[in-house]
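Student: could you work out the structure for the sequence below:
(one chain, ligands or ions: 1)
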Amino acid sequence: MTIQLSKRTEKIPESVFTAMSRLAIENKAVNLGQGFPDFNGPDWLIEEVYKAMKEGKNQYAPSIGILTLRKNISALYKSIYDIDWSYDNEVIITMGATEALYSSIHSVVDEGDEVIIFEPFYDSYMYDVLLAGGIPKLITLHKPDFSFDFEEFENAITNKTKVIILNNPQNPTGKVYTKKELDFISDIAIKNDLIIISDEVYEFLTYDNVNHIPISTIPGMKERTITISSAGKTFGFTGWKIGWACANKDFIRGIHSVRQWTTFAVNTPCQHAVAFGLTKIMEYLPDFRKLYLQKRDFIIQELKDSLFSPIIPLGSYFIMVNIPENKNDMELAIELVKDYKVATIPPSVFYSNSDEGKSMLRLCFAKQDETLKNGIKNLKAYKL
Ligand SMILES: Cc1ncc(COP(=O)(O)O)c(C=O)c1O
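Tutor: Residues are numbered from 1 along each chain as shown. The predicted structure is shown next:
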């Protein structure tokens, strides 16, 4: 039989993460590519999963998510950002931020709608939009501070534009959007009646006294913004896949319509554990932030006398490094994994318009100190 996949599916290439992780294993390389911690989150939270399971919380959860988790998310955002999301109908629990993104995009993007995406982008935005039949319109964030041209952004808006996807703090650059940038994006969104899908999974990972500002807190933006986050990043359990979206009840209804026929409901015991975790988050966050700050500073310091000059990230657990001028990211990433036993991510795959990605590599510092030391040692061994 000739297997003919759908035209939509054929548009989707193998993810660079899958390819690089396979190469890392084949070459027994230290993996600084893969974007998740190689260490456990807190034990006390694991205990909560056991507890929930022992208490019999093992059947399907309500499709919108368990009440305590929705209540605790709503209370958390009220306390830290002074924003009101009704746990009744403005919060939905999803299978990680990934499902929240997929369902949000599918519930608002029609065939032919244009969607503004900043590049380098977290790759699921691009493929979610393409799967929904939307047309991605890319705006480049330029080195070294990954700022964008306001005029180019404004000119990219047409009468077909429906959505802007924002990722703040940003993967892969570690950029945190400034208030001025957020105000500008908000102005344009209001003027053109656009929807914002704001992926804020790294909301608690900012450095150097930079504060995260959810775009939904800017006047006029709450009603038009779907804010997405995830416990995976905050508690270091990416495999639990507990995420959420907060938005106006009509958006939540749309997201719920898609989710009914994809996942229907999310892992029950992990929802209970995360609900408990959120009640302890203020005690938990200072050490969490300190841990990642130390890792960021360690990698910046160590790379100073290497051929890979770091671009200091203000958020997330990623860092972009410049590579030697005559090199290209893809070839170098393959050379590094094969000959120097260190896996990185070639970021040109996160660009569609610009060539800037070819001049950098992305590293992830959500790694044990030992992994970081070994990975950096291998990077430093690289000489021209
Ligand atoms: C920017 C961004 N959004 C979403 C996700 C996916 O989050 P989750 O694991 O909660 O689905 C990731 C994971 O790396 C990410 O970096």
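
Student: C-alpha only now, for contacts and for neighbours.
Tutor: Fine.

Student: now do stretch 117-130: everything it contacts.
Tutor: The contact list for stretch 117-130, computed with Cα atoms under 8 Å, 6 or more residues apart in numbering, reads 8, 12, 98, 101-102, 105-106, 109, 115, 135-141, 164-166, 171-173, 347-348, 350-352, 357.

Student: what about that stretch, how long is it end to end?
Tutor: 12 Å (Cα to Cα, to the nearest Å).

Student: touching, Lys233 and Glu200? I think so.
Tutor: No - in this structure, Lys233 is not within contact of Glu200 by Cα atoms under 8 Å, at 10.2 Å.

Student: now do the same for Ile12: its pLDDT.
Tutor: Here the pLDDT value assigned to Ile12 is 83.

Student: what does His106 give?
Tutor: 98.

Student: what does Leu278 give?
Tutor: The model's pLDDT for Leu278 equals 98.

Student: Leu372: helix or strand, and which one exactly?
Tutor: In this structure, Leu372 sits in helix 369-380 according to DSSP states H and E.

Student: list the contacts of that helix.
Tutor: Applying Cα under 8 Å, 6+ apart, the set of residues contacting helix 369-380 is 30-32, 295, 299, 302-303, 305-307, 336, 340-342, 365.

Student: again, 7 Å this time
Tutor: Applying Cα atoms under 7 Å, 6 or more residues apart in numbering, the contact partners of helix 369-380 are 30, 32, 306, 340-342, 365.

Student: buried ones in it?
Tutor: Within helix 369-380, the residues scored as buried using 16 or more other Cα atoms under 10 Å are 371-380.

Student: same deal with stretch 224-242?
Tutor: Buried-residue list, stretch 224-242, by 16+ other Cα under 10 Å: 224-238, 240-242.

Student: elements contacting the host helix or strand of Pro286?
Tutor: Element membership of Pro286 [criterion: DSSP H and E] is helix 281-303. Under the contact criterion of 3 or more Cα pairs under 7 Å, 6 or more residues apart in numbering; DSSP states H and E, helix 281-303 touches strand 309-311.

Student: and the strand it packs on, what's its mean pLDDT?
Tutor: What strand 309-311 shows for mean pLDDT is 97.

Student: wondering if the very next helix or strand once past that strand reaches the ligand at all.
Tutor: Downstream of strand 309-311, the first helix or strand assigned by DSSP H and E is strand 318-322. No - taking Cα under 6 Å from any ligand atom as the criterion, strand 318-322 and the ligand are apart, separated by no less than 9.0 Å.

Student: and strand 318-322, what does it pack onto?
Tutor: Checking 3+ Cα pairs under 7 Å, 6+ apart, strand 318-322 ends up next to strand 309-311, strand 360-364.

Student: switch the cut-off to 10 Å
Tutor: Strand 318-322 sits against helix 281-303, strand 309-311, strand 360-364, with contacts defined as 3 or more Cα pairs under 10 Å, 6 or more residues apart in numbering; DSSP states H and E.

Student: what does it rub up against?
Tutor: 32-33, 35-36, 143-144, 170-175, 296, 299-300, 303, 307-313, 329, 345-347, 357-366 (Cα atoms under 10 Å, 6 or more residues apart in numbering).

Student: overlap between those residues and the residues near the ligand?
Tutor: Among the contacts of strand 318-322, the ligand is touched by 35, 171 when using Cα under 6 Å from any ligand atom.

Student: buried only: go through the contacts of strand 318-322 for me.
Tutor: By 16+ other Cα under 10 Å, those give 32-33, 35-36, 170-175, 296, 299-300, 303, 307-313, 329, 345-347, 357-366 as buried.

Student: check contacts around the closest residue to the ligand within the stretch 201-350 of the chain.
Tutor: Among all residues of the stretch 201-350 of the chain, Ser230 sits closest to the ligand, at 4.6 Å; criterion: Cα to the nearest ligand atom. When contacts are counted by Cα under 10 Å, 6+ apart, Ser230 touches 93-98, 100, 199-203, 237-238, 240-245.

Student: now intersect these with the strands, please.
Tutor: 93-95, 199, 242-245 (DSSP state E).

Student: ok, of those residues, which one's closest to Ile188?
Tutor: Asp199 (18.5 Å; Cα to Cα).

Student: isn't the closest one right up against Ile105?
Tutor: No - using Cα atoms under 10 Å, Asp199 is not in contact with Ile105; the gap is 11.8 Å.
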